[in-house]
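>>> okay, predicted coordinates and the sequence, questions at the end:
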There are 2 protein chains.
Amino acid sequence: MNNDNKITLAGLAKLAGVSTSTVSRALNNNPLIKQETRDSLQALAKQHNFSLNRAASRLRTQKTNVIAVILNLSDSTDQSISDPFLLKVVGDLNQALNQHGYEMLLSNSLMAHEDWTSYFINSSRADGIIVVGQGKSTQKIEDVALSGAPLVVWGDPKVNATYPVIGSDNCLGSYLATRHLIEGGCKRIVFLGDPEHAEMSERYKGYEKALAEFNLDISIDLTVSCDITSKAAYEKMDQVILDHGLFFDGIVAASDMVALGALKALKERYINIPNDVGIVGFDDIVMAELFHPSLTTIQQDTKTAANIMVEQLINQLNGQPAKSVVMDIKLITRKSTKSV
Amino acid sequence: MNNDNKITLAGLAKLAGVSTSTVSRALNNNPLIKQETRDSLQALAKQHNFSLNRAASRLRTQKTNVIAVILNLSDSTDQSISDPFLLKVVGDLNQALNQHGYEMLLSNSLMAHEDWTSYFINSSRADGIIVVGQGKSTQKIEDVALSGAPLVVWGDPKVNATYPVIGSDNCLGSYLATRHLIEGGCKRIVFLGDPEHAEMSERYKGYEKALAEFNLDISIDLTVSCDITSKAAYEKMDQVILDHGLFFDGIVAASDMVALGALKALKERYINIPNDVGIVGFDDIVMAELFHPSLTTIQQDTKTAANIMVEQLINQLNGQPAKSVVMDIKLITRKSTKSV
DNA sequence: TTGAAAGCGGTACCAG
DNA sequence: CTGGTACCGCTTTCAA
């Protein structure tokens, strides 16, 4: 079809009978160049199917216009890569980045790059880093922060961090969830999830706070610890009920996926939801309302969050300071809990 | 902390008292360099936290080691970005690419880059393109193929294409799904989905084939057309039942998300599944077995598919031909259909 | 408003 | 086994 993609800026310049400087400026829409010249050169470029060589311009300008997005997965379970919520965050980030003129280099924490700053930033692969999820260990994130590389993290903004964190008020969300169950009459509420995990531990705190506020008996430990996948949650709940019977009447789940796993275990035993056990999730994934019963959950505004993250990152790229931002959350009441 | 990331290969060379050629070779593990020298130079690099500047080496080698992955979304519904299945494919591709030494530049078809070859390949943003999903229009994909750029597509390999397509035998999958319903006693089976959509139209064919084979009455049209999101499916089924009553006893859904939407509409009317209506999905997303009843569906092996796609792409990068590959599919029988 | 020319930081050919 | 050096293609001062 086309006689190779050999044409360069210099080639175009020769064709047009102008200098490379002029072509470069014209294609970058530099107002120094007369509108007329700009138009005709841009037309010529289209006609010859010419695209600026990014490798070259990146080398010259020391700017890539690329942002590395790192999915921070728990070390063991590469399962969580299937959590629709994290993937939605990635999708929204992709949109937001593009709207701001950046491209997205997707990576994840299992990729074994020792030093993120060195790998992505020093090597000119990207201008900045967005980490999605704080995971169990924040060491690598802190290393990036320490290196001074532009960085923004999706996680819990209340956690005291040396880097800007954008995320929901997980503690509040879980508090609202727990309170909602209590107000619906639940007395023995289980927290299901992994309190070791940064964001989840905040959710655990919210749960504890609500219990305390309503003077529920917390003398026995009602925490059921499990990996944050639906499969792990299902298996754990199944086992717990088998071992101890139905000693609870409410579940605050660390995420929707976890909640759905638990739901399955309960339904297999014909436990009535919400009458025997009420259950609240976290995230409001699309599937939440499709389930039967539909899942009461805490909604997070990932679209807005993604935009804020990109803006905060761009601030840093411009040498301005960036700050953590707490996103509003919302309790979405559905059928998996009794209405008050 | 560190006195900036100023150090370059030339700087390292000076420090080590060797030439830039030697450092370059050493860091690239070129066997020309004595093992001893290699080791010490690599150590020095680590010590100074040095990373090769990719922009520079890409410019010089004319190779980026980046693959652009384009999520091909239907023009209207940016919803489908929330389909867990597509996102799983992306996740698996990310793994596969990394294992082969490539990085992933994620994009989607809504990004409005007119000409993918020009934008990604001619500009040296990436060495090759993987398109996930054929969508409703394959025009842009065909343009890439015509340009001769390295390309692989996730889609339906049976569709006659000028480019290598890796994907499941959608027709067969749907045939198996439909046959399974028929064998369970269903007489009036609806196809729910969008027959305009490339892969879905193959699924439609499999459905038709099974009906014909078993001499089911196909005089009346049992196709319920809807966008391939759970929301669209739910609304459409809700409306259809409202308008026409329960005129069917089986549903072959174009995807799990669609199936789950339909499931909700049926359950809200207390229609018994699988006794009144049997339903089969497609994809086997994680959620499929969590639902109640758990969803009978067609499983696709995305992990293997991702590896094959990357291999086929690399073949092209090496100037070798690439071919389409049909992936095995498997009927997973669960509770949303009667067992035979 | 446009042009000339000096790099950006590696790589790889050609010598030795 | 190692070094010298000419580029890769674009951007951006400086000069005109």
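Noted; the coordinates are in hand.
>>> my read is that A:Q316 contacts A:M309, right?
No - judged on Cβ atoms under 8 Å, A:Q316 makes no contact with A:M309 at a distance of 11.1 Å. Placement of C-beta: from N, CA and C, glycine included.
>>> joint contacts of those two?
A:V152 (Cβ atoms under 8 Å, 6 or more residues apart in numbering or on different chains).
>>> who has more neighbours, the two?
Taking neighbours as other Cβ atoms under 10 Å in any protein chain shown, A:Q316 and A:M309 compare with A:M309 leading, 30 against 19.
>>> packing partners for the helix or strand bottoming out on mean pLDDT in chain A?
Every helix and strand of chain A was ranked by mean pLDDT, DSSP states H and E. The lowest is strand A:223-225, at a mean of 83. Other helices and strands packing on strand A:223-225, by 3 or more Cβ pairs under 8 Å, 6 or more residues apart in numbering or on different chains; DSSP states H and E, are strand A:189-193, helix A:230-244.
>>> quick check: which of the ones you listed is buried the most?
Ranked by average neighbour count under the criterion mean count of other Cβ atoms under 10 Å in any protein chain shown, the helices and strands packed on strand A:223-225 are headed by strand A:189-193 at a mean of 27.
>>> can you check what angle separates that strand from helix A:230-244?
140 degrees (axes from the mean of the first three to the mean of the last three Cα atoms, to 10 degrees).
>>> and strand A:189-193, what does it pack onto?
Short answer (3+ Cβ pairs under 8 Å, 6+ apart): strand A:189-193 packs on helix A:170-183, helix A:198-213, strand A:223-225, helix A:230-244, strand A:250-253, helix A:256-268.
>>> for A:G167, give me phi and psi.
phi 180, psi 180 (degrees, to the nearest 10).
>>> same question but for A:A68, I mixed them up
Dihedral angles (degrees, to the nearest 10) for A:A68: phi -90, psi 130.
>>> point out where chain A drops to low pLDDT.
A:1-5, A:75-82, A:217-221 (pLDDT under 70).
>>> where does it get nearest to DNA strand D, residue-wise?
A:L9 (2.9 Å; Cβ to the nearest atom of the strand).
>>> now that residue: how far from DNA strand C?
10 Å (Cβ to the nearest atom of the strand, to the nearest Å).
>>> in TSV, list the helices and strands packed on strand A:223-225 along with distance to DNA strand C.
Shown next, in TSV, are those (distance: least, Cβ to the nearest atom of the strand, whole Å):
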stretch	distance to DNA strand C
strand A:189-193	44
helix A:230-244	43
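>>> out of those, nearest to A:D301?
Nearest to A:D301 among those is strand A:189-193; the distance by Cβ to Cβ comes to 21.4 Å.
>>> check contacts around A:N94.
Going by Cβ under 8 Å, 6+ apart, the list of residues near A:N94 reads A:69, A:104, B:106-108.
>>> mind putting the residues you listed into CSV with secondary structure?
Output for the contacts of A:N94, formatted as CSV (DSSP: H, G, I helix; E, B strand; the rest coil):
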residue, secondary structure
A:V69, strand
A:M104, strand
B:L106, strand
B:S107, strand
B:N108, strand
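>>> just the buried ones from the residues you listed, in PyMOL syntax?
Buried residues among the contacts of A:N94 (16 or more other Cβ atoms under 10 Å in any protein chain shown), as a PyMOL selection:
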select buried, (chain A and resi 69+104) or (chain B and resi 106+107+108)
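>>> just flag the most distant two among the contacts of A:N94.
Top of the distance list for the contacts of A:N94 (Cβ to Cβ): A:V69 and B:N108, 13.8 Å.
>>> do a quick rundown of the helices in the stretch 51-200 of chain A.
A:54-61, A:84-99, A:116, A:139-147, A:170-183, A:198-213 (DSSP state H, counting those that start in this stretch).
>>> tell me which residues of the second one are tucked away?
Residues of helix A:84-99 classed as buried under the neighbour-count rule (16+ other Cβ under 10 Å) are A:84-98.
>>> shouldn't A:P195 be in contact with A:Y207?
No - judged on Cβ under 8 Å, A:P195 makes no contact with A:Y207 at a distance of 9.5 Å.
>>> which of the two has more neighbours?
A:Y207 (28 against 16).
>>> so what's the residue nearest to A:V325 when sequence neighbours are not counted up against?
Among residues not flanking A:V325 along the chain, A:I166 sits closest, at 4.8 Å (Cβ to Cβ, 6 or more residues apart in numbering or on different chains). Going by Cβ under 8 Å, 6+ apart, A:I166 touches A:152-155, A:157, A:305, A:308-309, A:312, A:324-325, A:327.
>>> contact residues of the stretch 51-200 of chain A facing DNA strand C?
A:56, A:59-60, A:62 (Cβ under 7 Å from any atom of the strand).
>>> again, 6 Å this time
A:59-60 (Cβ under 6 Å from any atom of the strand).
>>> taking the stretch 51-200 of chain A, what residue is nearest to DNA strand C?
A:R60 (3.6 Å).
>>> hmm, back to that, looking at the helices and strands packed on strand A:189-193, which is buried most?
Highest mean neighbour count among these (mean count of other Cβ under 10 Å): strand A:250-253, a mean of 31.
>>> partner strands of it and their direction?
Sheet pairing of strand A:250-253 (DSSP bridges) gives strand A:189-193 (parallel), strand A:278-280 (parallel).
>>> quick one: the first one to helix A:198-213, angle?
Interaxial angle of strand A:189-193 relative to helix A:198-213 (the same axes, to 10 degrees): 170 degrees.
>>> only the C-alpha atoms, please, for strand A:189-193, written as PDB.
Coordinates of each C-alpha in strand A:189-193 appear next as PDB, following Å, rounded to 0.1, in the frame of the first residue of the first chain:
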ATOM      1  CA  ILE A 189     -22.200  -8.300  63.000                       C
ATOM      2  CA  VAL A 190     -19.200  -9.900  61.300                       C
ATOM      3  CA  PHE A 191     -16.500  -8.000  59.500                       C
ATOM      4  CA  LEU A 192     -15.400 -10.100  56.500                       C
ATOM      5  CA  GLY A 193     -12.200  -9.200  54.800                       C
END
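>>> hmm, who's touching that strand?
A:178, A:181-182, A:200, A:203-204, A:207, A:211, A:216, A:222-226, A:228, A:233, A:236-237, A:248-255, A:258-259, A:262.
>>> skipping its backbone neighbours, what lies nearest A:L331 in space?
A:L176 (4.8 Å).
>>> quick check: the gap between that neighbour and A:R334.
In this view, A:L176 and A:R334 are 14 Å apart by Cβ to Cβ, to the nearest Å.
>>> over to A:A305?
Relative to A:R334, and taking Cβ to Cβ, A:A305 is found at 22 Å.
>>> those two: which is more packed in?
Neighbours were counted for A:A305 and for A:R334 using other Cβ under 10 Å; A:A305 has more, 21 against 18.
>>> who touches that one in this structure?
Contacts of A:A305 by Cβ under 8 Å, 6+ apart are A:89, A:92, A:154, A:166-168, A:325, A:327.
>>> could you give the angle of the helix or strand where it lies to helix A:84-99?
Here A:A305 sits within helix A:302-317, counting by DSSP states H and E. With the same axes, to 10 degrees defining the directions, helix A:302-317 sits at 50 degrees from helix A:84-99.
>>> just after helix A:302-317, pick out the following helix or strand.
By DSSP H and E, the next helix or strand past helix A:302-317 is strand A:325-327.
>>> now check stretch A:151-158, is it near chain B?
No - interface with chain B: stretch A:151-158 contributes nothing (Cβ under 8 Å from any Cβ of the partner chain), its closest point being 13.6 Å away.
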